[in-house]
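Peer 1: Sequence first, then the predicted structure:
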Amino acid sequence: MELTELIFKGILVVIIFAITLVAALYSTFAERKISAVLQDRIGPNRAGPFGLLQPLADGVKMFMKEEIIPTSSSKWLFILAPCLAMITAGMSSAVMPWGGNLIIDGETYALQVADINIGILYILGITSVGIYGIMIGGWASDNKYSLLGAIRASSQMISYELAMGLSVIAVVMMTGDLSINEIVKGQPGGHWNVFYQPLGFIIFLICAFAETNRAPFDLPECETELIGGYHTEYSSMKLGFFLFAEYINMFVSCALVAAVYFGGYNMPFINSMGWSPNTVTIVGTACFFLKIAFGIFFFMWVRWTLPRFRYDQLMRLGWQILIPLSIINVILTGLGIIVFK
Amino acid sequence: MKALTNRSKIAVDKEYTFMERLYFPAIIKGMMITISHLLKKKATLRYPEVQKEFAPVYRGKHVLKRDEKGAENCTACGLCAVACPAEAITMTAAERKKGEEGKYREEKYAEVYEINMLRCIFCGLCEEACPKEAIFLTDEIVKTSYDRQDFVYGKDRLVEDMNKRIDITKRQKKY
């Protein structure tokens, strides 16, 4: 790899990491504002103009809190768990194609940190590893509520990962490639996968809700039954890491939904405007972030509308409905490919 | 049993229809309800900047009134203390001396007059019992404090300041 490309990749890594963190930070703010607006309230408006500094105030609050490690806990595992949750959450954005190619001084640079040819598998794998953070945290706390939350989280994530993978397989069959960049390139203009895979999209979306542990599938951390679930015993910034990892996961899932089903950085008519390639790339990236922002809004909109599932309903939905549906979707996609191509 | 209104619904343990079991129509309906609240008027008041006006009959902190010349109306008859259901009022009576006619309206006055604001239930019975139009409840709020003793209001905090007279016309009896 050339030196300039190395430097470019290094800058890109820093920028993407910063963007992910800031997006997650302001997701917490957006969550509070959106929940307020949907309930006819105003929401945080004291810290800074329009309350825009609220996430910083929350962060300071988290850092100032007393750090408690229960004496009966396994200390190292207890500390390791939030780190693991955070690391896996930060890793998953590496294969995301944030835009097309930038041309600087005749050299082409891709707005993607690593264009590996198994990008989808990489993301599914990393989210599976993310369960370990929750599981270890729940186990190490030595608390029945934490353990129950951890068990729920792991069984929920394992069962929904199946349906998620199967719904992605249909997209992979259409594209013929596991690389996310190729999948995005396979839906130019307005030919988004969501129009060809409506059933797969709905299954994927439901599984994304379950994978990120958000309402209506937030059973691992339901306050009303499990007083916080796996992070019951956590305090201070360790708790902050768990919550923060959840928002990063939400950001990455929204990016994944936007890339796989909504054409990523593609927009209708973007190539027929006669812009220079660099402008097209930048506008495409902006469109991608717009799609992600709408996705995050949708996640929150759902959270503040739907009540939580019961645990047996959750398992029934995952195993008896979503997995058969996604297998049917795979079969239908195969038939469609044979008939139309 | 006969229903009193026609609003009650009889709960039936029926099987869900196919549309109900799909969930999606109900979910979309619910999401439309929440999104419709996006632009509705907010119920929140930005409190310290915007304050809601009290009702004209609001009963807050008490005031011991003075007459037009600045003499205290209270004659320490003790009817307010008798009327008080929370036993929040105590007082000590004293006789007016020569030369104090400008300070007290009648021959007898309250040397000490204390209301315990933690006991007070702001019912307004003292005001009703008062024959001299001396005590009224205002629209002021009793301030918070860290000390219980701070809530025993003496004459220093109850008697009206002549420079800042309090309008009690809304609470005067209408015969």
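Peer 2: Yes, it's here.
Peer 1: Nearest to chain B: which residue in the stretch 151-300 of chain A?
Peer 2: Residue nearest to chain B within the stretch 151-300 of chain A: A:Ile202 (8.3 Å; C-beta to the nearest C-beta). Yep, even glycine has a C-beta here, placed from its N, CA and C like the rest.
Peer 1: tell me which element that residue is part of?
Peer 2: helix A:198-211 (DSSP states H and E).
Peer 1: in the helix or strand following that helix, what's buried?
Peer 2: Counting by DSSP H and E, the element after helix A:198-211 in chain order, helix or strand, is helix A:223-226. By neighbour count on 16 or more other C-beta atoms under 10 Å in any protein chain shown, the buried set for helix A:223-226 is A:Leu226.
Peer 1: What's the mean pLDDT across helix A:223-226?
Peer 2: In this model, helix A:223-226 has a mean pLDDT of 71.
Peer 1: Need the residues that contact that helix.
Peer 2: A:Tyr145, A:Leu148, A:Gly149, A:Arg152, A:Pro220, A:Thr232 (C-beta atoms under 8 Å, 6 or more residues apart in numbering or on different chains).
Peer 1: which one in those residues is the model shakiest on?
Peer 2: Across the set of those, A:Pro220 stands lowest in pLDDT, at 71.
Peer 1: For A:Asp142, grab the count of nearby residues.
Peer 2: By other C-beta atoms under 10 Å in any protein chain shown, 15 other residues sit near A:Asp142.
Peer 1: which residues of chain B fall in strands?
Peer 2: Remark: strands assigned in chain B by DSSP state E are B:62-64, B:89-95, B:108-116, B:135-137, B:152-153.
Peer 1: How about A:Tyr265: what's its closest non-neighbour residue?
Peer 2: Distances taken as C-beta to C-beta, 6 or more residues apart in numbering or on different chains place A:Gly284 nearest to A:Tyr265, at 3.5 Å, with adjacent residues excluded.
Peer 1: list the buried ones in stretch A:100-112?
Peer 2: A:Gly100, A:Leu102, A:Tyr109, A:Ala110, A:Leu111, A:Gln112.
Peer 1: Please see if the least confident helix or strand in chain B by mean pLDDT touches chain A.
Peer 2: Lowest on mean pLDDT, DSSP states H and E among the helices and strands of chain B sits helix B:18-22, with a mean of 79. No: counting by C-beta under 8 Å from any C-beta of the partner chain, no contacts exist between helix B:18-22 and chain A, the nearest distance being 9.9 Å.
Peer 1: Identify the residues contacting A:Met96.
Peer 2: Shown in contact with A:Met96 (C-beta under 8 Å, 6+ apart): A:Ile16, A:Gln112, A:Val113, A:Ile180, A:Val252, A:Ala255, A:Leu256, A:Ala259.
Peer 1: remind me which residues of chain B are low pLDDT?
Peer 2: B:1, B:173-175 (pLDDT under 70).
Peer 1: Give me every residue in it lying close to chain A.
Peer 2: For chain B, the contact set with chain A under C-beta under 8 Å from any C-beta comprises B:27, B:30-31, B:33-35, B:37-38, B:40-44, B:46.
Peer 1: if we can go back for a sec, now, the contacts of helix A:223-226 that are in helices?
Peer 2: Residues of the contacts of helix A:223-226 located in helices (DSSP state H): A:Tyr145, A:Leu148, A:Gly149, A:Arg152.
Peer 1: Could you look up the SS state of the residue nearest the centre of chain A?
Peer 2: Against the mean C-alpha coordinate of chain A, by C-alpha atoms, centre = their mean, the closest residue is A:Ser253 at 2.4 Å. Under DSSP: H, G, I helix; E, B strand; the rest coil, the three-state class of A:Ser253 is helix.
Peer 1: pLDDT score for it?
Peer 2: A:Ser253 is given a pLDDT of 88.
Peer 1: cool, the one 10 residues further on as well?
Peer 2: Residue-level confidence at A:Gly263 comes out at 80, pLDDT.
Peer 1: Secondary structure element holding it?
Peer 2: Going by DSSP H and E, A:Gly263 is not in any helix or strand.
Peer 1: what's the average pLDDT for stretch A:51-70?
Peer 2: 87.
Peer 1: Contact residues of the stretch 201-341 of chain A facing chain B?
Peer 2: Taking C-beta under 8 Å from any C-beta as the contact definition, the stretch 201-341 of chain A meets chain B at A:Trp301, A:Val302, A:Trp304, A:Thr305, A:Leu306.
Peer 1: Please flag which of those sit within helices.
Peer 2: A:Trp301, A:Val302.
Peer 1: where's the closest residue to chain B within the stretch 201-341 of chain A relative to B:Gly30, distance?
Peer 2: Closest residue of the stretch 201-341 of chain A to chain B, C-beta to the nearest C-beta: A:Thr305 (4.5 Å). Remark: distance between A:Thr305 and B:Gly30 (C-beta to C-beta, to the nearest Å) = 5 Å.
Peer 1: ok, now which ones touch A:Phe78?
Peer 2: For A:Phe78, the contacting residues are A:Ile69, A:Pro70, A:Gly137, A:Ala140, A:Ser141, A:Glu233, by C-beta under 8 Å, 6+ apart.
Peer 1: For the residue of the stretch 151-300 of chain A closest to chain B, the count of nearby residues, please.
Peer 2: Per other C-beta under 10 Å, the neighbour tally for A:Ile202 reads 17.
Peer 1: Same check on the one 4 residues further on?
Peer 2: Counted with other C-beta under 10 Å, the neighbours of A:Ile206 add up to 21.
Peer 1: The residue nearest to A:Tyr265 reaches A:Pro268, doesn't it?
Peer 2: No: A:Gly284 is beyond contact range of A:Pro268, at 11.7 Å (criterion: C-beta atoms under 8 Å).
Peer 1: Neighbour count: these two, which is higher?
Peer 2: A:Gly284 (23 against 13).
Peer 1: For residue 26, which non-adjacent residue is spatially closest?
Peer 2: Chain wasn't specified; assuming chain A. Per C-beta to C-beta, 6+ apart, closest to A:Tyr26 is A:Pro55, 6.1 Å.
Peer 1: To clarify, I was referring to chain B.
Peer 2: B:Glu20 (7.0 Å).
Peer 1: Would you check how far apart the one you found and chain A are?
Peer 2: Between B:Glu20 and chain A the computed distance is 14 Å (C-beta to the nearest C-beta, to the nearest Å).
Peer 1: How about the contacts made by the residue nearest in space to the middle of chain B?
Peer 2: By C-alpha atoms, centre = their mean, chain B has its centre lying nearest to B:Arg59, at 3.2 Å. Residues near B:Arg59 by C-beta under 8 Å, 6+ apart: B:Phe122, B:Cys123, B:Gly124, B:Leu137.
Peer 1: could you flag which of the residues you listed are buried?
Peer 2: Buried members of the contacts of B:Arg59, scored by 16+ other C-beta under 10 Å, are B:Phe122, B:Gly124, B:Leu137.
Peer 1: so the last one bridges to which residues?
Peer 2: Note on B:Leu137: beta-bridge partners by DSSP bridges are B:His62.
Peer 1: Does it touch B:Ile166 like I think?
Peer 2: No: contact status for B:Leu137 versus B:Ile166: not in contact, 10.5 Å apart, counting by C-beta under 8 Å.
Peer 1: Find the residues that touch each one of those two.
Peer 2: Common neighbours of B:Leu137 and B:Ile166 (criterion: C-beta under 8 Å, 6+ apart): B:Val63.
Peer 1: For the buried ones among the contacts of B:Arg59, please prepare CSV with the additional fields distance to B:Thr92.
Peer 2: As requested, those are exported to CSV (distance: C-beta to C-beta, whole Å):
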residue, distance to B:Thr92
B:Phe122, 24
B:Gly124, 24
B:Leu137, 22
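Peer 1: Which of these sits closest to chain A?
Peer 2: Closest to chain A, out of all of those and judged by C-beta to the nearest C-beta, is B:Phe122, at 29.4 Å.
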